[in-house]
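> sequence and predicted model, in that order:
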Amino acid sequence: MNMPVLKSETAVSFPTTPAKVLAIAPKKTPFAARALVQAKAVAGTIVPPIVVLAVILGVWELLCRKAGATLPPPSRVLKDTWELIVDPFFDRGGIDKGLFWHMSASLQRVAFGYALSAVAGVALGTLVGQSLWAMRGLDPIFQVLRTVPPLAWLPLSLAAFRNGQPSAIFVIFITAIWPIIINTAVGIRNIPQDYRNVAQVLRLNQFEFFYKIMVPAAAPYIFTGLRIGIGLSWLAIVAAEMLIGGVGIGFFIWDAWNSSHISEIILALIYVGLVGFILDRMVAGVASVVTRGTSAN
Amino acid sequence: MPTYPYLKIDHVDKSFTRGSTETEVLKDITLGIEKGQYVSIIGHSGCGKSTLLNLVAGLLPVSAGCVLLENQEVNDPGPDRAVVFQNHSLLPWLTVYANVKIAVDKVFASTKSKQERHDWIMHNLDLVQMAHAKDKRPAEISGGMKQRVGLARALAMEPKVLLLDEPFGALDALTRAHLQDSVMAIHTKLGNTVMMITHDVDEAVLLSDRIVMMTNGPAARIGEILDVPLQRPRKRLALAGEPTYLKCRQRVLEFLYERHHFVEAA
């Protein structure tokens, strides 16, 4: 049975002349063609949302154009609020200000409350993640408190601070802190034993261990918490401002409702949505820069 | 003055307690390792050889007995007993350079200037032929390269004893051979004292001066210690037909598969 194999091998005739080497010219795509490909890719991501948006606006327009409709159609919204859209910076004193000032007041409150909760949340989360005793003591309390709706804290904080501004900031703080604590703690608890071993062999002290191993290793978790936190604080601020009054996008909406300016409410909702989206993207952007390489193993 | 070995594991027991049950892992381990010696610990999986390495590293406390390095008892981990972990344990958010730097900065903080530390990092990366990838992150290099960097990090601590915990276990055969050659070359050049955990018979014979064979657990002991009287530097290909090499290999295989074959279902 072995013989045929041998025979067929000997039967192979080798080519007598060496094969010619052909030079393959690298394929060059002209600039115009490359630009076209790029443009197509961009269009592929931009066109679908525009089409869907147009359809939604069209349906809305059709539904609300009839007489007796309770909500204004998009064309009416645009006409009614044109003044607010083109001039967001006017300031006629009191609460009669442009949307920019309302937004910036709300954003300032969120910035304060969120910054406080980020610092306190990461610190408490680290404590709960590191110490078994702290976890057993604090975790049940956190689990109960985090289910309290943000607005339920408002009367209590008004009673404590006797002032709208710090109360609103406190509501933001208490809303955003729970996901930050919980995610940080999970991140710290999930630091692989290998990294702890490396730290032990190097005899890193507590402080070095914290900023050289713990923070970078837990960063993906911490940022998940921070991202949930920013979303929740933006949700809470609008509701809190409706109650505390003054300048702020929440009170702007409430004020518009009281004066039956439904178009203004719709405009404000669009702004609230867009700003919330931008805030979320910002935290996600920072996260992707900071946690570069951390999760990849 | 009585002579004592460089690293001495003296009547060490190790047991783990979980609830009310106590499992004895290692029983009465006594072993001396001389300076510059390359010692392999071989045994079936689960016999406690990694536990033994962790005891020497100080990552686990001994239950009885003690570990002496230069006649000083060691209880906690330290850079004088650098470990190369099986799964490389590089910090993924740091570059190759920074992974070695974190060790060098810690160990030589007061004894070397910034420039000297940089040179020392590059020297060690050169030693494992990884200087070209110094700005890459662990995720961007291969498994063999990660293990090289782990080795560079350990060497850079200038440890008294280098502990290798199945350093080539997770690598493919070709990469493993390549890395074994590198480790041999480094050992020849620097004369490190090395304790290596392995389950590969060829690897043990090729690299070691002495092979410590462990019996199966629970309560594993040292079954036999084999001297490998092969000249250094050793050449992988020349050794393949060398009678001494084959005899040593035979001895280890006999120990592992005849006298202490793995009883549980593998």
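Thanks, I have it. Residues are numbered from 1 along each chain as shown, chains lettered A, B, ... in the order given.

> how about the residues of the stretch 101-250 of chain A by chain B?
Contacts of the stretch 101-250 of chain A with chain B, taken as C-beta under 8 Å from any C-beta of the partner chain, map to A:194-195, A:197-198, A:200-204, A:208, A:212-213, A:216-217, A:219. Yep, even glycine has a C-beta here, placed from its N, CA and C like the rest.

> farthest-separated two in the residues you listed?
Farthest pair in these (C-beta to C-beta) is A:203 and A:219. Separation: 23.5 Å.

> break down chain B into its helices, ranges please.
B:49-57, B:96-107, B:114-127, B:143-156, B:173-190, B:201-207, B:236-239, B:243-254 (DSSP state H).

> below-threshold pLDDT in the stretch 151-297 of chain A: ranges please.
Residue ranges of the stretch 151-297 of chain A with pLDDT under 70: A:293-297.

> try 50
A:296-297 (pLDDT under 50).

> so where do the helices sit in it?
Along the stretch 151-297 of chain A, the segments classed as helices by DSSP state H, counting those that start in this stretch run A:153-161, A:164-189, A:193-201, A:206-209, A:215-244, A:249-258, A:262-290.

> most tightly surrounded among the ones you listed?
helix A:164-189 (a mean of 24; mean count of other C-beta atoms under 10 Å in any protein chain shown).

> could you list every helix and strand that that helix packs against?
In terms of contacts (3 or more C-beta pairs under 8 Å, 6 or more residues apart in numbering or on different chains; DSSP states H and E), helix A:164-189 is packed against helix A:99-130, helix A:132-145, helix A:153-161, helix A:215-244.

> nearest to residue A:34, of the ones you listed?
helix A:215-244 (35.4 Å).

> how many neighbours does the nearest residue to residue A:60 once chain neighbours are set aside have?
Counting by C-beta to C-beta, 6 or more residues apart in numbering or on different chains, residue A:74 is the residue found nearest to residue A:60 once chain neighbours are left out, at 5.7 Å. Using other C-beta atoms under 10 Å in any protein chain shown, residue A:74 is surrounded by 16 other residues.

> isn't residue A:194 right up against residue B:92?
No: counting by C-beta atoms under 8 Å, residue A:194 stays clear of residue B:92, with 10.7 Å between them.

> if we can go back for a sec, how near is the residue nearest to residue A:60 to residue A:182?
41 Å (C-beta to C-beta, to the nearest Å).

> between the helices of the stretch 151-297 of chain A, which one is nearest to residue B:139?
The nearest among the helices of the stretch 151-297 of chain A, by C-beta to C-beta, is helix A:215-244 at 13.6 Å.

> quick one: work out the angle between the closest one and helix A:249-258.
Angle between the axes of helix A:215-244 and helix A:249-258 is 30 degrees (criterion: axes from the mean of the first three to the mean of the last three C-alpha atoms, to 10 degrees).

> what's the offset of helix A:215-244 from the middle of its chain?
8 Å (C-alpha atoms, centre = their mean, to the nearest Å).

> same check, this time on stretch B:82-91
11 Å.

> ok, it near chain A or not?
Yes: on the criterion C-beta under 8 Å from any C-beta, stretch B:82-91 is in touch with chain A at B:82-83, B:85, B:87, B:89, B:91.

> hmm, who's touching that stretch?
With contact meaning C-beta atoms under 8 Å, 6 or more residues apart in numbering or on different chains, stretch B:82-91 is reached by A:194-195, A:197-198, A:201, A:213, A:216-217, B:53, B:57, B:59, B:96, B:98-99, B:102-103, B:138, B:143, B:146-147, B:149-151, B:153-155, B:157, B:159, B:161-167, B:169-170.

> 6 Å instead, please
Applying C-beta atoms under 6 Å, 6 or more residues apart in numbering or on different chains, the external contacts of stretch B:82-91 come out as A:194, A:198, A:201, B:57, B:99, B:138, B:146-147, B:149-151, B:154, B:157, B:159, B:162-167, B:169.

> CA atoms of that stretch as CSV?
The C-alpha trace of stretch B:82-91 is given here as CSV (Å, rounded to 0.1, in the frame of the first residue of the first chain):
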residue,chain,number,x,y,z
ALA,B,82,10.2,38.2,43.6
VAL,B,83,7.4,36.1,42.0
VAL,B,84,6.7,35.5,38.3
PHE,B,85,3.1,34.5,38.4
GLN,B,86,1.6,31.9,36.1
ASN,B,87,-0.8,34.4,34.5
HIS,B,88,1.8,37.1,34.2
SER,B,89,-0.2,39.5,36.5
LEU,B,90,0.9,42.6,34.6
LEU,B,91,-1.2,45.7,35.3
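
> perfect, I'm done here.
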